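>>> next input, structure requested:
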Amino acid sequence: MLDLLIRGGTVVDGTGAPARPADVAVEGERIVAVEPRLPAPARRTLEAAGLLVAPGFIDIHSHSDFFLLQVPSAESKLRQGVTTEVIGMCGFSPAPAVPERLALLQEHVAFLAPGLPWDWRSFGEWCARLRAAGPSVNVVPFVGHGAIRIAAMGSERRPPTPDELRTMEALVARAMDEGAFGYSTGLVYAPSAFAATEELIALARVAAARGGRYFSHIRGEGPTLEAAVAEAIAIGEAAGCPVQVAHLKAAGRENWPKMGAALRALDAARARGVEVTADIYPYTAGSTTLSSLLPPWMHDGGMPRLLERLADPASRRRLLEECAVGDEAWVAANGRTGWDDILIASAPARPESEGQTLAALARARGRPGAEVLIELLREARGAVTMVHFLMAEGNVARGLAHPQVMVGSDSLGLTAGPGPHPGRPHPRMYGTFPRVLGTYVREQRLLPWEEAIRKMTGMPAATLGLRDRGVIRPGAAADLVLLDPATVADRASYEAPHRYPEGIRWVLVNGAVVLDDGVMRPLPAGRVLAP
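This next block holds a predicted model:
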């Protein structure tokens, strides 16, 4: 007798092949048969008439590593159909965490990591701690360059010494040996921003030698977009390492025309044999730290030195001279931005500011926007995140449609549960995957169902080297999502982000039903996957 039979659905198998009517049989953690009208009896049958049966979605770019210990159910992801999360992105990871520089690492990830126990040191110990938490989703861990650089040399704005570079190489090698799929950079965040290309190539060579991958939040998505994409490709090419360009975008109105050149650069690199791909989220706003609007010299030495500079009149004058455009706008790495384009997502020390734009806060305080930005960072000791409106809708669609671009949320696994909930996070936390399917597939017909689902399943699985995930076939892991193509849609908005999507009926992780006809059944069904 089968453990579970999914009967009467339309299978979209994750390969891009045409959808077809078929039943799916599951025993234990594996799919054992995919055929029309399977006669086998089962302990449980899910009636899937009118539903699409797809592989569980793989979130190729997430930051849930800092919340999975507190929210192992990752409910905001599971309710989207996500069964596997790729963590350690943008140079941020909870390990390695060497004792003598632990405070610097904690400050580096403070906006992501409230309440972490930090009862690990090595990357392997962190993975063991994550396994012990019993997540409901599978996890693909990467090690962050920021954590590596802090462990080796702190947060200083300088090249590493030869000994420090060897230490970084050894840390990457150890992390790979202990379960990392590769390493990631966040080249707009200190201390990753302080690294030269040669340093990144050296570390990518270490990753490549162990079959790893290089994932990068590139060195600017605005004026420097084309050069930053070229640098990421050059790193992979020099190191012989597959490259993933994170959350591809052309940020800032004056840079919107550059999206085409960025996509053509991916095509040109692949044509000459470089394994390069990208991910994108289906929104015109991004979300990151408010302090990322400050220039690199402000970040030299980490958050304590940044706060000292914000308090120093001479440093403040220099900052305003470099970045403030009268009282109208601010110039940062991605170009000019208006105060109405910056929405405060979280500021635990100033919760009254959450959900307000800097323009509104400036009016309420009777102060210039630039001064309010500085004051808020000082009051919250840098622990402020924002939603930043930067992108053109046409470019989002263009990126989603590109054959080498897959879907990633760039978000955390949260839980709505009984409210209210703090902060006004980006709606991508709750809506990324259903938004692609509801808005861009069903409504706009930008992509067929088979191709959109491939970008969420088979394509990220192949990029990560996961041979038994992201597809529906006998022998594959029973990570599955059953969704209603007529109703699937995101409900989260910038004004009300803590809302679950519609149309996701059942989700299985390794054969366990964790979303049961819309009802959460949080189980420790996930695995910390090994390369």
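>>> switch to C-alpha atoms for all contacts and neighbour counts from now on
Fine.
>>> number of nearby residues for the closest residue in space to Q404 that isn't next to it in sequence?
The shortest distance from Q404 to any non-neighbouring residue, by Cα to Cα, 6 or more residues apart in numbering, is to T277 (5.3 Å). By the measure other Cα atoms under 10 Å, the count of residues near T277 is 25.
>>> verify the stated contact: T277 with H247.
No: the criterion here is Cα atoms under 8 Å, and T277 misses it with H247 at 10.7 Å.
>>> one step back: so the residue nearest to Q404 versus V471, what's the distance?
19 Å (Cα to Cα, to the nearest Å).
>>> then V488?
For V488, the distance to V471 (Cα to Cα) stands at 21 Å.
>>> looking at these two, which has the bigger crowd around it?
When neighbours are counted by other Cα under 10 Å, V471 comes out ahead of the other of V488 and V471, with 29 against 22.
>>> what's the per-residue pLDDT of that one here?
pLDDT, V471: 98.
>>> show me the contacts for it.
13-15, 54-55, 457-458 (Cα atoms under 8 Å, 6 or more residues apart in numbering).
>>> quick one: which of those is most hemmed in?
For those, neighbours tallied by other Cα under 10 Å; top is P55, 34 neighbours.
>>> give the closest residue to that residue in space, chain neighbours not counted.
Counting by Cα to Cα, 6+ apart, the nearest residue to P55 once its immediate chain neighbours are dropped is L480, at 4.5 Å.
>>> what bridges to that neighbour?
Here L480 sits in beta bridges with P55, L508, going by DSSP bridges.
>>> for it, list the residues it contacts.
L480 sits next to 53-57, 81, 83, 507-509 when contact means Cα under 8 Å, 6+ apart.
>>> ok, R305 - how many residues close by?
R305: 14 neighbours (other Cα under 10 Å).
>>> domain map for this structure?
For the chain, automatic domain parsing gives the domain ranges 1-55+427-486+499-522, 88-245+248-284+396-407, 290-389.
>>> now the weakest link among these, please, by mean pLDDT.
The weakest mean pLDDT among the domains of the chain belongs to domain 290-389, with a mean of 93.
>>> follow-up on the earlier one: the host helix or strand of the residue nearest to Q404 packs against which elements?
Taking DSSP states H and E as the definition, T277 sits inside strand 276-280. When contacts are defined as 3 or more Cα pairs under 8 Å, 6 or more residues apart in numbering; DSSP states H and E, strand 276-280 sits against strand 243-245, helix 259-271, helix 393-401, strand 405-407.
>>> most tightly packed of those?
Comparing these by mean neighbour count (mean count of other Cα atoms under 10 Å), strand 405-407 ranks first with a mean of 29.
>>> by contact count, what packs against that one?
Using 3+ Cα pairs under 8 Å, 6+ apart, the elements in contact with strand 405-407 are strand 276-280, helix 393-401, helix 449-456.
>>> tell me the angle of the shortest one relative to helix 259-271?
I take that to be strand 276-280. Relative orientation of strand 276-280 versus helix 259-271 (axes from the mean of the first three to the mean of the last three Cα atoms, to 10 degrees): 150 degrees.
>>> what sits up against strand 276-280?
Here strand 276-280 makes contact (Cα under 8 Å, 6+ apart) with 60-61, 233, 236, 242-249, 266, 269-270, 396, 399-400, 404-409.
>>> mind saving the C-alpha coords of it as CSV?
The C-alpha atoms that make up strand 276-280 are tabulated as CSV, following Å, rounded to 0.1, in the frame of the first residue of the first chain:
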residue,chain,number,x,y,z
VAL,A,276,26.4,32.1,-15.3
THR,A,277,22.7,32.5,-14.3
ALA,A,278,20.7,35.0,-12.3
ASP,A,279,17.6,35.4,-10.1
ILE,A,280,15.0,38.0,-9.8
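>>> okay, angle between it and helix 449-456 too, please.
Computed by the same axes, to 10 degrees, the angle separating strand 276-280 from helix 449-456 equals 110 degrees.
>>> strand 276-280 to helix 393-401, inter-axis angle?
130 degrees.
>>> who does the very next helix or strand once past strand 276-280 pair up with?
Using DSSP H and E, the next helix or strand after strand 276-280 towards the C-terminus is strand 285-289. Pairing partners of strand 285-289, with direction, according to DSSP bridges: strand 385-389 (antiparallel).
>>> contacts for the partner strand next, please.
Strand 385-389 is contacted from outside by 111, 284-290, 341-347, 425-426, using Cα under 8 Å, 6+ apart.
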